[in-house]
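# Give me a 3D structure for the following:
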Amino acid sequence: MKAVYRAVTVALFASSITHALPPAPAFLLPGDVIPLKHTIEMTIDPDRDTFTGRATIEVEIRKPLNVIWLNAKDIVPLEATVGGKKAHAEAAGDEFIAIELDSPVQPGRTTIDLRYRGKLDEKAIVGPYRKKTGDDWYVFTSFTPIDARRAFPCFDEPRFKTAWKMTIHVKRADKAFANGRMLREVDEAGGMKAVEFAETKPLPAEVVAFAVGPFDIFDGAPAGHGTPIRVITAKGHAAEGKTAAQASVDVLPRLEAYTGIPYPFGKLDHLAVPEFPFGATENPGLIVYKNQALLAAPGDDLTAKARAIRSLQAHEVGHQWFGDLVTQASWDDVWLSEGFATWIAAKMMDQEQPVARKRLNAVAARERIMTMDESARTRPIRLAMNSRHDTENVYSQFVYQKGAALLTMLEGWLGEDRVHDGLRAYLKKFSFSNATTADLEASLRAAAGVDPAPVMDAFLNHTGVPSIHGECMDGVVKIQPAALPMPVCIRGDGVTPTCSVVDAQHPAIALHRGCPSWIEFNSGATGYYRTEWTPAQLNALDLSQLSAAERLMLVYDLRAAHSDSALLKKLAADPEPEIVRAVAGDERRKQ
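Numbers count the residues shown, from 1 in each chain. Purely as a prediction, here's the structure:
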């Protein structure tokens, strides 16, 4: 009877605390507690579906508080302290843990210490999860965009970048990996060992990662400025990582040369996993890929496979600068990560092509997103994220492909050198920090001497594909219609590329040398718009003077207009296979 009485008393006490708590945040954490460093210690056995952990978070308190909110999901808090004093912790609102104190914690620095229990999912590929390969269990992680909170209580938003210090207790027969390099392994009782990792540079929680299991390792040659390269696979598959290791040797120096910043995260591991919700995720120092995307299995066409792996690594390793070194301040601006990685990957892969084929793949990718942008599936690049449901669409192809197309348009308008200078300044200024679209616009403005904000904001915040018609009279090209500010670049017979921002108030581009015999209305194929051609303009067009990218774009413009012109038929004999496929309407082939 005494035991029953005590249990009822504890239950009533817990219930009273629950009712006394203020409502959980709607989605975003309040800004009154700022994390400075996360220290995570976990005990993980892949054979078990639960694990235990301890999160120690150094924070700065901005105002007196009775309750501190942390992100956590599917985590059971066990005991907590704040500043060494006991506190009550409980799950609240499905996405949070509330830490309640007996007396208010005062402004200043303090430490939150929380022991907890979490789960390793087997069915969902989210948060920390486990999968069996052969006879062995492995643990992997998939945290983007908001599921680091399933592995440890934390501040799980991109604006909160901190250093991360991790120690994982595992069976001695297993290996453990994390973002930082391994510092030491120490044997422990019960056939266990502690694997301690170096503290990372400031990272958002969503790109923190770890893995545990009986892995094999392929050690590649150092890449770029001497970064050690490894490919981590399930037992027995290390040899299949050779091609991926060589891809890093090829790709990493190109990215270092473009950004002007050596790879910033020390070591670079590529981890192959059997099941993953994405093709890959750019966790610094521990990039994760689906097996089939990273490994070259016996029987694969090695030339094609190596090219595909280089392209994928160009994207994911490109993220190490755009997304990891400089992180978007909110999910609204995720294009600063994904749009940039898509764009720079195409730029790096163009280095393997003859100059005449430059931008062909980018034009083909842009056409696919234009087709979506002209449909009911359209959405702006930038969208506010206000719930878990909203984040299910955070990685829309518009963020990737239209974001990349916008960057290509900026290069065509402002000039590649100026954009390059602006991006280097942007990366340097916001290294290991957060940035916004406005920050990027400011860096480009300083480099180019032109304010790109009206154009960028128009394309980021509005949907649809502009369509223009141009006519030249007395040396002036009138562009109609142009409701939103849009850079239009033209060139023609004897006319070098000329770019101008046109809109309803400024619909003309002056050439000063009269009207040429032919005009290309999207010089360099960089603009995110379609051109409506008259028969006379098409008849005058000199295909021999157009680049392959411009000819491909011309095919797409004519197909969008349902044209069956003689020029389109002539393009069916083009030497570039991408153009021939486009003329035939074969959209099944993807990059």
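
# Just want the most central residue of the protein.
E338 (3.7 Å; CA atoms, centre = their mean).

# Which of the three states applies to that one?
Three-state call for E338 (DSSP: H, G, I helix; E, B strand; the rest coil): helix.

# Same question for the one 10 residues further on.
Per three-state DSSP, the local secondary structure of M348 is helix.

# measure stretch 479-495 end to end?
This stretch, stretch 479-495, spans 17 Å end to end (CA to CA, to the nearest Å).

# Which positions in it come out as buried?
For stretch 479-495, burial by neighbour count (16 or more other CB atoms under 10 Å) applies to 479, 482, 484-492, 495. (Each C-beta comes from the backbone N, C-alpha and C, glycine too.)

# now swap in stretch 264-282 and tell me
Using 16+ other CB under 10 Å as the test for burial, stretch 264-282 gives 264-265, 267-273, 276, 280-282.

# pLDDT of it, averaged?
Computed over stretch 264-282, the mean pLDDT rounds to 96.

# Nearest residue to T259 in space, ignoring adjacent ones along the chain?
Ranked by CB to CB, 6 or more residues apart in numbering and with sequence neighbours excluded, the top spatial neighbour of T259 is W321, at 4.9 Å.

# what residues are up against K201?
K201 makes contact with 163, 264-265, 284, 432 under the criterion CB atoms under 8 Å, 6 or more residues apart in numbering.

# Which pLDDT value belongs to it?
On the pLDDT scale, K201 gets 98.

# wait, doesn't the residue nearest to the centre of the chain sit right on S396?
No. Under the criterion of CB atoms under 8 Å, E338 makes no contact with S396, lying 9.1 Å away.

# Which members of the buried residues of stretch 264-282 occur in strands, if any?
Residues of the buried residues of stretch 264-282 located in strands (DSSP state E): 268-273, 280-281.

# Between which two of the contacts of K201 is the distance greatest?
Spanning the widest gap among those are A163 and P264, at 13.5 Å by CB to CB.

# follow-up on the earlier one: quick one: the residue nearest to the centre of the chain and D216, what's the gap?
31 Å (CB to CB, to the nearest Å).

# try D301
As defined by CB to CB, D301 lies at a distance of 24 Å from D216.

# and the two? which has more neighbours close in?
Neighbour count, other CB atoms under 10 Å: between D301 and D216, D216 has more, with 17 against 10.

# Excluding residues flanking it in the chain, which one is nearest the more buried one?
Once flanking residues are discounted, D216 sits nearest to A238: 3.8 Å by CB to CB, 6+ apart.

# show me what contacts the one you found?
For A238, the contact set (CB under 8 Å, 6+ apart) comprises 216-218, 231.

# which among those end up buried?
With burial judged by 16+ other CB under 10 Å, the buried subset of those is 216, 218, 231.

# of all those residues, which comes closest to E392?
Closest to E392, out of all of those and judged by CB to CB, is V231, at 30.9 Å.

# any idea which helix or strand carries the closest one?
In this structure, V231 sits in strand 229-233 according to DSSP states H and E.

# list the buried ones in the following helix or strand past that strand?
Later in the chain than strand 229-233, the nearest helix or strand by DSSP H and E is helix 242-259. The neighbour-count check on helix 242-259 (16+ other CB under 10 Å) flags 242-248, 250-256, 258-259 as buried.

# Farthest-apart pair in these, please.
K242 and T259 (26.8 Å).

# Strands of the stretch 251-400 of the chain, residue ranges please.
268-273, 280-281, 286-290, 326-328 (DSSP state E, counting those that start in this stretch).

# Based on its surroundings, how many neighbours for P22?
Look at P22: counted by other CB under 10 Å, it has 11 neighbours.

# Next up, the contacts around it.
By CB under 8 Å, 6+ apart, P22 lies in contact with V67.

# what does L414 give?
422, 444, 448, 450, 452.

# Neighbours of the last one, how many?
Pointing back at P452 there. P452 is flanked by 25 other residues according to other CB under 10 Å.

# Let's verify the closest residue to it other than its chain neighbours: helix, strand, or coil?
In space, and not counting its chain neighbours, P452 is closest to L444: 5.0 Å by CB to CB, 6+ apart. Classification of L444 using three-state DSSP returns helix.

# Looks like L444 contacts G422 (just checking).
Yes. Here L444 reaches G422: they are 4.0 Å apart, a contact under CB under 8 Å.

# Can you give me the pLDDT of G93?
What the model reports for G93 is a pLDDT of 89.

# tell me the domain boundaries of the protein?
The chain is divided into the following domains under automatic domain parsing: 215-321, 330-461, 467-584.

# Which of these sits closest to D187?
Closest of those to D187 is domain 215-321, at 19.0 Å (criterion: CB to CB).

# roughly how far out does the closest one sit from the chain middle?
16 Å (CA atoms, centre = their mean, to the nearest Å).

# Quick check: the gap between the closest residue in space to K358 that isn't next to it in sequence and G285.
Among residues not flanking K358 along the chain, D350 sits closest, at 5.2 Å (CB to CB, 6+ apart). From D350 over to G285 the distance is 27 Å, taken as CB to CB.

# and these two? which has more neighbours close in?
Taking other CB under 10 Å, D350 and G285 do not tie; G285 has more neighbours (26 against 16).

# contacting residues around the more buried one?
By CB under 8 Å, 6+ apart, G285 lies in contact with 178-181, 200, 265-269.

# Show the model's pLDDT score for it.
98.

# what about A384, neighbour count?
For A384, the neighbour count with other CB under 10 Å is 8.

# If anything else comes up later, I'll come back, but that's it for now.
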